[in-house]
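**Student:** I'll drop the sequence and a predicted model, then ask my questions.
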Amino acid sequence: MSGPDQLFAKRRARLARAWLWVQTLILLVSPGSSGESPEGGVADDRRTHARDEVRRGGVVWLAYVTAVRYLIRLAVPAVAVFLPIGLFAASALIFLADGSAAVVNGDFELIGAPDTSLLVWSAAVLVVLVAGQAVALPATVMLATGRLVGKDVSTSDAMRAAARRWPATAVLVLVGVVALTAALAAGLGILAWTGAQVTAYAVMAVLALSAMPCLLAVAPMVLEGRSARGALARAYRLTAGASWVTPLTLAFGVVLLPALAAKAVNWAVSGLPIVPVVAGYLLALVTVPFQAAVIARLFLHRLGIKGTITEFEKIVDGLPASPRPASRMPVLAALLLPGLLYGAAVLINPFGWLEVSETAVTENWPRDPNSEVPEDVRSKPELDKWDLQALHAGQGGRMVMLMDGSAEAKLLTCMDSTCTQTRFTWVEPVGVVGGYTAASARLADGRLVVSTWAEEGVDDDGLVQDDEKWRARLGLLICDATACVPAPGGKPITEVTSSLQHRTVALAARPGGGLLVAQLHRLPRSKRDVDEEGLSLTTCDDPACTRPRTKELAKFPADRYMFDRAGLVAGVGPDDRPVMLRFDRDTGSIFVISCDDPACAQARVGQPVREVSRDYSGRAHRYDTAMVVRADGLPLIAYRDVSDGAIKLLDCHTRECTRADTATLSEPGHGHNTASAMVLDRDGRALVAYQDLDRERIVIAACTGTRCMRTPVTTIRRGGGDGLAMALDGHGRPVIAWMDVWNDWDLVVTTPLNLP
């Protein structure tokens with residue numbers, strides 16, 4: 001052959017190969033036709049090609065490629081079924097939320113455990129969703145089958161066919177649920193009987209895989225019109241010869257990979273507002289085409305291997321033809337509509353939902369921060385779940401928390417409004433007396449005064465060498481934005497000579513810049529052989545207490561829990577007259593001590609809450625009382641009634657609260673409610689924060705007198721805890737710091753942004 005002839009022959013060969021690739025590409029990319037051609041040979045060739053194509057291995061991968069390629073068309077049944085259900089369910093939820101709906105960190109959330117109406121709503125929505133899936137999945141299987149054999153199928157025809165087969169689909173769902181429940185029960189039974197986890201999980205996996213052909217039965221049920229029993233028999237017959245490959249293909253393609261994709265998307269968008277909910281909704285819709293494509297391709301794959309050409313042809317001929325493909329724009333609009341509505345509802349908040357900013361401060365904190373600290377260097381402060389004592393609005397608008405447990409006191413400062421950035425520092429120096437809990441008060445300039453006990457008569461290891469030389473003296477520390485230092489010129493307020501002389505201390509800032517220091521201390525046993533405790537008050541003209549003046553005010557029956565941190569509360573009115581509260585955890589009784597003048601020359605004692613029982617067994621919380629003094633000098637007291645566990649508010653008509661109106665803020669909780677903190681807002685309302693453990697939520701009651709409005713502000717996700725404190729930030733909003741404890745624990749800061 002001459003050179004030109006060889007050149008033309010090579011070009012003709014290249015053109016032939018190029019035309020073959022073009023034909024293959026057209027076959028793969030083209031949306032396809034009904035397969036009905038005037039030339040029967042063309043249709044036969046396409047069916048032969050489709051039959052050969054579905055016999056290929058790699059079912060899951062090839063099915064996912066098909067789902068991606070025709071995603072919009074395959075998503076039509078899911079959108080048509082689940083969009084109305086979702087819109088109706090969301091509309092009903094708005095009316096059923098009943099004040100528990102809130103926008104937390106930019107996302108809609110129901111606060112606390114759901115009540116009966118929400119549980120009924122959830123169950124009804126779940127049932128409707130399962131019923132909708134019984135239509136959407138078979139219809140999508142029919143559409144995916146049409147795409148796999150090169151035939152357009154009408155969406156309406158597919159959904160009508162799926163709806164007609166709904167009773168059979170419901171039976172398949174019931175069989176699948178029973179099978180999976182039996183697998184779970186068998187595994188748990190083995191685990192409870194033998195304790196062998198590996199064996200239990202293996203049994204559950206084997207039984208679950210054995211039930212996977214129930215998913216494959218959807219295809220013969222909708223494509224061949226078989227009953228549920230016939231579809232199951234057909235699915236298991238097709239599974240024969242691939243007894244493990246087929247169930248594993250279904251398990252991975254229909255269950256595991258979509259679940260992993262959902263987790264990956266949730267991880268990728270976690271922490272972003274709005275996006276996780278919208279992404280979850282879209283993923284739920286587009287998952288159906290992938291699941292249906294796997295079921296359809298696996299059915300055709302096994303049919304191509306185990307079945308006959310006639311059976312394959314019958315399925316292709318039985319598919320309803322579509323005169324025109326579904327329009328993409330309405331489907332895209334339907335996919336985007338719920339996300340747009342949700343984003344608008346959250347951002348605009350037309351329903352006036354409570355908006356909350358919340359941060360789990362210690363979520364990413366190391367639990368053993370001092371593991372690499374040299375022994376000759378003071379270790380970094382550590383936080384314990386019992387340490388939270390008080391919350392104050394510090395300098396520069398920063399919120400500051402006093403932390404104190406068994407070691408020296410610490411300060412945790414929120415460096416920003418959300419408390420995502422913090423500074424954690426020591427308050428007390430090394431060598432203070434252990435067992436004396438620090439008290440604190442906020443000065444007018446935002447600085448804090450913190451009590452501390454210094455000791456003498458111990459060696460370098462903190463051991464007492466001579467009991468007669470041991471001393472502990474109560475002093476004060478002044479804390480600004482940078483550090484805590486001993487009060488300049490301050491003098492010891494109290495001195496004790498025995499470690500058994502524990503004292504409970506409470507501080508309150510006076511209007512003119514001075515300070516009040518209240519103390520409870522055990523008295524020597526009287527002739528009546530009755531344990532008593534005394535209340536003393538130290539008045540100071542300046543925060544450093546350079547000239548302390550101490551006076552004994554009253555005696556009370558001794559409380560076995562007198563060393564508790566919240567047994568004593570001190571306050572002062574605008575007229576500089578002190579008011580103090582003493583709570584007896586033994587009996588549940590409350591004493592209020594008021595002074596007739598700033599120097600407290602005359603003290604009056606009232607008992608607004610009498611003794612319930614000396615043997616009361618429900619005392620479980622340290623923060624059972626809180627008190628504030630109003631602008632008129634009268635106290636407001638929040639407490640937990642130990643007789644029934646309800647949170648109550650006393651609106652006192654006298655300074656010693658001998659006359660008061662009572663408001664009940666919560667349902668009886670029998671120890672499951674805890675009155676934790678109270679502040680006065682800028683309008684003079686009393687804001688009472690407490691944990692409602694029965695409903696798994698924290699509630700703020702805003703009270704004008706005894707007229708109160710309760711608002712749930714956050715969900716208790718673990719188990720709550722004794723630590724809870726509240727203060728107003730620079731914008732007048734209540735900020736709640738609280739401990740969420742159960743096995744593990746976290747310090748959480750919650751700020752309602754638009755509290756009604």
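**Tutor:** Here it is on my side, so go on.
**Student:** For the rest of this, base every contact and every neighbour count on C-alpha atoms.
**Tutor:** OK.
**Student:** Pretty sure G253 sits against L62.
**Tutor:** No - with contacts counted by CA atoms under 8 Å, G253 stays clear of L62, the gap being 10.7 Å.
**Student:** Compare the two (neighbour count), which wins?
**Tutor:** A direct count of neighbours by other CA atoms under 10 Å for G253 and L62 places G253 higher, at 24 against 17.
**Student:** For the more buried one, give me the pLDDT.
**Tutor:** On the pLDDT scale, G253 is placed at 92.
**Student:** If you drop the residues flanking it in sequence, what lies closest to it?
**Tutor:** V60 (5.6 Å; CA to CA, 6 or more residues apart in numbering).
**Student:** hang on, the one you found packs against V294?
**Tutor:** Yes - taking CA under 8 Å as the definition, V60 is a contact partner of V294 at 5.8 Å.
**Student:** if we can go back for a sec, what residues are up against the residue nearest to G253?
**Tutor:** By CA atoms under 8 Å, 6 or more residues apart in numbering, V60 lies in contact with T249, F252, G253, V294.
**Student:** Show me those residues that map onto helices.
**Tutor:** Secondary structure assignment (DSSP state H) places T249, V294 from those within helices.
**Student:** shared neighbours, V60 and V294?
**Tutor:** Listed as contacting both V60 and V294 by CA under 8 Å, 6+ apart are G253.
**Student:** Make sure A231 is indeed in a strand.
**Tutor:** No - secondary structure assignment (DSSP: H, G, I helix; E, B strand; the rest coil) places A231 in helix, not in a strand.
**Student:** pLDDT wise, what is it at?
**Tutor:** Among the per-residue scores, A231 shows a pLDDT of 92.
**Student:** and it, how many neighbours does it have?
**Tutor:** Using other CA under 10 Å, A231 has 26 other residues around it.
**Student:** measure it to Q395 for me?
**Tutor:** Distance, A231 to Q395, by CA to CA, to the nearest Å: 73 Å.
**Student:** all helices of the stretch 401-550 of the chain, in order?
**Tutor:** Along the stretch 401-550 of the chain, counting by DSSP state H, counting those that start in this stretch, no stretch forms helices.
**Student:** Ok, the stretch 251-400 of the chain next?
**Tutor:** Along the stretch 251-400 of the chain, the stretches classed as helices by DSSP H, counting those that start in this stretch are 257-269, 275-306, 309-318, 328-348.
**Student:** Deepest in the core, which of those helices is it.
**Tutor:** Comparing the helices of the stretch 251-400 of the chain by mean neighbour count (mean count of other CA atoms under 10 Å), helix 275-306 comes out on top with a mean of 22.
**Student:** can you give me the offset of it from its chain's centre?
**Tutor:** The chain centroid and the centroid of helix 275-306 are separated by 31 Å under CA atoms, centre = their mean, to the nearest Å.
**Student:** Need the max-distance pair from the contacts of V60.
**Tutor:** For the contacts of V60, the farthest-apart pair by CA to CA is F252 and V294; their separation is 9.7 Å.
**Student:** Export the helices of the stretch 251-400 of the chain to a markdown table and append columns for mean pLDDT and distance to V76.
**Tutor:** Converted to a markdown table, the helices of the stretch 251-400 of the chain look like this (pLDDT from 0 to 100; distance: least, CA to CA, whole Å):
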| stretch | mean pLDDT | distance to V76 |
| --- | --- | --- |
| helix 257-269 | 89 | 19 |
| helix 275-306 | 89 | 9 |
| helix 309-318 | 85 | 21 |
| helix 328-348 | 81 | 6 |
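**Student:** Nearest to R160, out of the ones you listed?
**Tutor:** Ranking these by distance to R160, with CA to CA as the measure, places helix 309-318 first at 13.9 Å.
**Student:** Output the contacting helices and strands for that closest one.
**Tutor:** With contacts defined as 3 or more CA pairs under 8 Å, 6 or more residues apart in numbering; DSSP states H and E, helix 309-318 has these neighbours: helix 275-306.
**Student:** one step back: may I see the helices of the stretch 251-400 of the chain organised as TSV, with distance to D157 added?
**Tutor:** As requested, those are arranged in TSV below (distance: least, CA to CA, whole Å):
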stretch	distance to D157
helix 257-269	27
helix 275-306	16
helix 309-318	11
helix 328-348	17
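**Student:** All the strands of the stretch 301-450 of the chain, in order from the start?
**Tutor:** Listed in chain order, the strands of the stretch 301-450 of the chain (DSSP state E, counting those that start in this stretch) span 354-360, 388-393, 399-403, 410-414, 422-426, 440-442, 448-456.
**Student:** among those, which gets the worst mean confidence?
**Tutor:** Taking each of these in turn, the lowest mean pLDDT turns up on strand 448-456, with a mean of 88.
**Student:** Which positions in that one come out as buried?
**Tutor:** By neighbour count on 16 or more other CA atoms under 10 Å, the buried set for strand 448-456 is L448, V449, V450, S451, T452, W453, A454, E455, E456.
**Student:** before we move on, what about stretch 402-416?
**Tutor:** Buried residues in stretch 402-416 (16+ other CA under 10 Å): 402-405, 407-415.
**Student:** what distance separates that stretch from the centre of its chain?
**Tutor:** Mean-position distance between stretch 402-416 and its chain equals 24 Å (CA atoms, centre = their mean).
**Student:** mean confidence for stretch 639-656?
**Tutor:** Per-region confidence: stretch 639-656 scores 88 on mean pLDDT.
**Student:** start to end distance for that stretch?
**Tutor:** End-to-end distance (CA to CA), stretch 639-656: 16 Å.
**Student:** Next: stretch 554-568.
**Tutor:** 13 Å.
**Student:** Okay, now the unreliable bits of the stretch 101-250 of the chain?
**Tutor:** Low-confidence regions of the stretch 101-250 of the chain, defined by pLDDT under 70, are absent; no residue qualifies.
**Student:** now the strands for it?
**Tutor:** In the stretch 101-250 of the chain, the strands defined using DSSP E, counting those that start in this stretch lie at 101-104, 107-110.
**Student:** mind putting those in CSV, mean neighbour count and distance to G573 included?
**Tutor:** What follows is the strands of the stretch 101-250 of the chain, written out as CSV (neighbours: other CA atoms under 10 Å; distance: least, CA to CA, whole Å):
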stretch, mean neighbour count, distance to G573
strand 101-104, 24, 36
strand 107-110, 20, 39
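**Student:** so where's the stretch 551-700 of the chain shaky on pLDDT?
**Tutor:** Counting by pLDDT under 70, the low-confidence segments of the stretch 551-700 of the chain come to 559-566, 612-623, 669-675.
**Student:** If we use 90, what do you get?
**Tutor:** Applying pLDDT under 90 to the predicted model, the residue ranges of the stretch 551-700 of the chain that meet it are 554-568, 583-589, 601, 610-625, 639-647, 666-676, 692-696.
**Student:** all strands of it, in order?
**Tutor:** Secondary structure of the stretch 551-700 of the chain by DSSP E, counting those that start in this stretch: the strands cover 568-572, 578-583, 590-595, 603-609, 625-629, 635-640, 647-652, 660-664, 673-680, 686-692, 697-704.
**Student:** Tabulate these (a markdown table), appending distance to A205.
**Tutor:** Converted to a markdown table, the strands of the stretch 551-700 of the chain look like this (distance: least, CA to CA, whole Å):
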| stretch | distance to A205 |
| --- | --- |
| strand 568-572 | 59 |
| strand 578-583 | 57 |
| strand 590-595 | 60 |
| strand 603-609 | 60 |
| strand 625-629 | 53 |
| strand 635-640 | 50 |
| strand 647-652 | 49 |
| strand 660-664 | 53 |
| strand 673-680 | 43 |
| strand 686-692 | 40 |
| strand 697-704 | 38 |
